[in-house]
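Visitor: Here is a sequence with its predicted model. Questions after.
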Amino acid sequence: MLPPSERDFVSVTLGESGSYTNGKQWRRQSCWRKWKQLSRLQRSLILFTLMLLLVCGIVTSPTLMAHWRDGTLGDNTDDGKQPFVLDLKNEYKFILPEPPSGKKGFRRRGPPVLQSRSQSKTNASEGGKPVVSWREAVIDQGQVSDTDIKEAEIQEITLAESRLEAVREAFRHAWKGYKDFAWGHDELKPISKSYGEWFGLGLTLIDALDTMWILGLKDEFAEAREWVATELSFDKNVDVNLFESTIRILGGLLSTYHLTGDSVFLEKAKDIGSRLMPAFNTASKIPYSDVNIGKGTAHSPQWTSDSTVAEVTSVQLEFRELSRLTGDPKYKLAVMDVMNQVHKLDGKNDGLVPMFINTNSGQFTHQGIYTLGARADSYYEYLLKQWIQGGKKENDLLEDYLQAMEGVKKNLLRKSNPLGLTFVGELSHGHLSPKMDHLVCFLPGTLALGAHHGLPADHMELAKELIETCYQMYVQMETGLSPEIAHFNMHEGSKQDVEVKIADRHNLLRPETVESLFYLYRFTKDKKYQLWGWEILQNFNKYTRVSTGGYTSINNVRDPAYPNPRDKMESFFLGETLKYFYLLFSEDPDLISLDKYVFNTEAHPLPVWPEAE
């Protein structure tokens, strides 16, 4: 190394004020001088290289390309799109692109120029561009290509199948708990990993048979079918409830027979049906509530000689079908005697019936109280469904149904505050209570079904109003799950429409709202009903799913931190709730066609009779 005295030094002299600016100008001039000194070929090569680098940068940027493909480049608004992924950190949570919705923040899926039907008519009348129809929208032919339509249809199919798979996964999880801890017993207790008995007849398994078939769960169905064929016996000294065993066991067996053609289910249906017949051996022809299927005896509950109106008038679909299949008229005659008796009774209020009927006298009791909730609900449902089942020929049934629906509109309908929700209250000796059971949420679906079969169009409009109310019974709870009973505010200045008493805050995994969402979607194709159902399913998964298998009822829908599980999975969660979720998310109108089948009140589809019958 050279000593400091012999090193080369470069001397830099800073000028006076403004010299820094002059230096930048000098560098710009120097660069420009050098650029001018290059040949034309050299300058062209440099420009080409820079352009190539810019294009490569854009192509390799995933964010920019995503915006480019979506047609949103330069659009920073939140369009509500979500990635299509399965969150593996949470085994039940499916995060899917949302369907079209009227809610703020959601963009209608599909091509960006989809318009409403009313808009398309306006455009056509004003000489606008020709349009073509695509499902629930119209497309400007000049702006949307066949590729756009195909991509939108693929997205639609992907969304539907993903939701269907989510329901299948929920069923498998519930079935795992039942199989591991309650196999062959009535109900799963998922928290304690044990079981509960009601009748000791494998209630959950029988209730779930046709659900497994509809969901395409072949392995699960095969093992359940084997249990029915080899283990199920009704030769037991046990009291069963006529109504519950009819809708769950007889209905489930008949439905599964029709879906599969497997005679083992028909033979079991004949067996239980004949064992239930002693309930009808009363002087009044109004059946007892309880039957000992081993001894062949029947009786009322120990505390009363009354039966509930809903129970004695909601066994008709099943026994009528059993007569059709066996050729033995005794089943149909027994249940139609009940309907004829109720048809002629005094004590109705504009077609609305009291909740109780006496098995000795055959008369209504506890008169003056009218509800579409517990103890009366399925009476109204079965009026319509028997009429549909029998080919729309039984005018007494139709007359009673139409009169009752007018009675509902006249006596029970009110509006809440602040949202103005239409709800169905209860009438007690002339006083209306703003109390509405979750069970009443069967009504929107029933009204829509009647409108589909030619009844007044305003039934469909009322159905749409009521299903909004049932949805709000979920939305306005902290867990997003409905309470068993809601009270609606009717006072000016109310801040929330739905109030819930402490004793009514439980959720039993009930199906009624999902049932009505299914009917409304099947008839209107309005995607919001699927979206609402998807939200409810997610909340069931969030607050009622038990990690070791199964789902549990909860005590408190208002406490998301601790909803307080009840340790019980009702059989109808598999028999009804998950089945209706699956049918709601399905885009196949022939999957249990509502022109060919009618559902009993436990969601077991039975065939509409041919016209010749």
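Guide: Done, it's in.

Visitor: In this protein, what helix or strand scores lowest on average pLDDT?
Guide: strand 85-86 (a mean of 28; mean pLDDT, DSSP states H and E).

Visitor: name the helices or strands packed onto the lengthiest helix in the chain?
Guide: For the chain, the helix that runs over the most residues, judged by DSSP state H, is helix 146-181. Here helix 146-181 touches strand 94-95, strand 187-189, helix 209-215, helix 218-230, helix 527-544, helix 578-585, going by 3 or more Cβ pairs under 8 Å, 6 or more residues apart in numbering; DSSP states H and E. C-beta: built from backbone N, CA, C; applies to glycine.

Visitor: repeat that with 6 Å
Guide: Under the contact definition 3 or more Cβ pairs under 6 Å, 6 or more residues apart in numbering; DSSP states H and E, helix 146-181 sits against helix 578-585.

Visitor: then the helix it packs on to PDB, C-alphas only?
Guide: The C-alpha coordinates for helix 578-585 follow below in PDB (Å, rounded to 0.1, in the frame of the first residue of the first chain):
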ATOM      1  CA  LEU A 578     -80.200 -31.800   7.100                       C
ATOM      2  CA  LYS A 579     -82.500 -33.200   4.500                       C
ATOM      3  CA  TYR A 580     -84.100 -29.800   3.900                       C
ATOM      4  CA  PHE A 581     -80.700 -28.100   3.800                       C
ATOM      5  CA  TYR A 582     -79.700 -30.600   1.100                       C
ATOM      6  CA  LEU A 583     -82.800 -30.000  -1.000                       C
ATOM      7  CA  LEU A 584     -82.500 -26.200  -0.500                       C
ATOM      8  CA  PHE A 585     -79.000 -26.200  -2.000                       C
END
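
Visitor: any chance you could map the helices in the stretch 451-600 of the chain?
Guide: Here the stretch 451-600 of the chain has its helices, by DSSP state H, counting those that start in this stretch, at 458-475, 512-524, 527-544, 571-572, 578-585.

Visitor: Residue 291 is in what secondary structure piece?
Guide: For residue 291, the enclosing helix or strand under DSSP states H and E is strand 290-292.

Visitor: Run me through the strand neighbours of that strand, direction for each.
Guide: Looking at strand 290-292 with DSSP bridges, its partner strands are strand 239-241 (antiparallel), strand 297-299 (antiparallel).

Visitor: downstream neighbour of the last one in the secondary structure list?
Guide: Sequence-wise, the next helix or strand downstream of strand 297-299 (DSSP H and E) is strand 306-308.

Visitor: and if you look at the first one?
Guide: Scanning the chain past strand 239-241 towards its C-terminal end, the next helix or strand to appear is helix 242-245 (assignment: DSSP H and E).

Visitor: Need the contact partners of the helix or strand following that next one.
Guide: Once the chain leaves helix 242-245, the next helix or strand it forms, by DSSP H and E, is helix 251-260. Helix 251-260 is contacted from outside by 206-207, 209-210, 213, 265-266, 268-269, 318, 321, 600, 602, 604-605, 607, using Cβ atoms under 6 Å, 6 or more residues apart in numbering.

Visitor: Could you point out the member of the residues you listed that lies closest to residue 434?
Guide: Nearest to residue 434, judged by Cβ to Cβ, of these is residue 602 at 28.8 Å.

Visitor: Give me the secondary structure label for the closest one.
Guide: Taken by DSSP: H, G, I helix; E, B strand; the rest coil, the conformation at residue 602 corresponds to coil.

Visitor: burial count for it?
Guide: 25 (other Cβ atoms under 10 Å).

Visitor: Could you number the chain from 470 rather than 1 from now on?
Guide: Yes, from this point I'll number from 470; that puts the last item at residue 1071.

Visitor: nearest residue to it other than its sequence neighbours?
Guide: residue 716 (4.1 Å; Cβ to Cβ, 6 or more residues apart in numbering).

Visitor: so the one you found sits right up against residue 1070, yeah?
Guide: Yes: counting by Cβ atoms under 6 Å, residue 716 touches residue 1070, with 5.5 Å between them.

Visitor: domains of the chain?
Guide: Taking automatic domain parsing as the domain assignment, the ranges for the chain are 554-621, 636-665+881-1082, 703-876.

Visitor: Out of the ones you listed, flag the one nearest residue 690.
Guide: The closest of those to residue 690 is domain 703-876. By Cβ to Cβ, the value is 8.5 Å.

Visitor: Give the rounded mean pLDDT of that closest one.
Guide: The average pLDDT for domain 703-876 rounds to 97.

Visitor: Nothing else from me, thank you.
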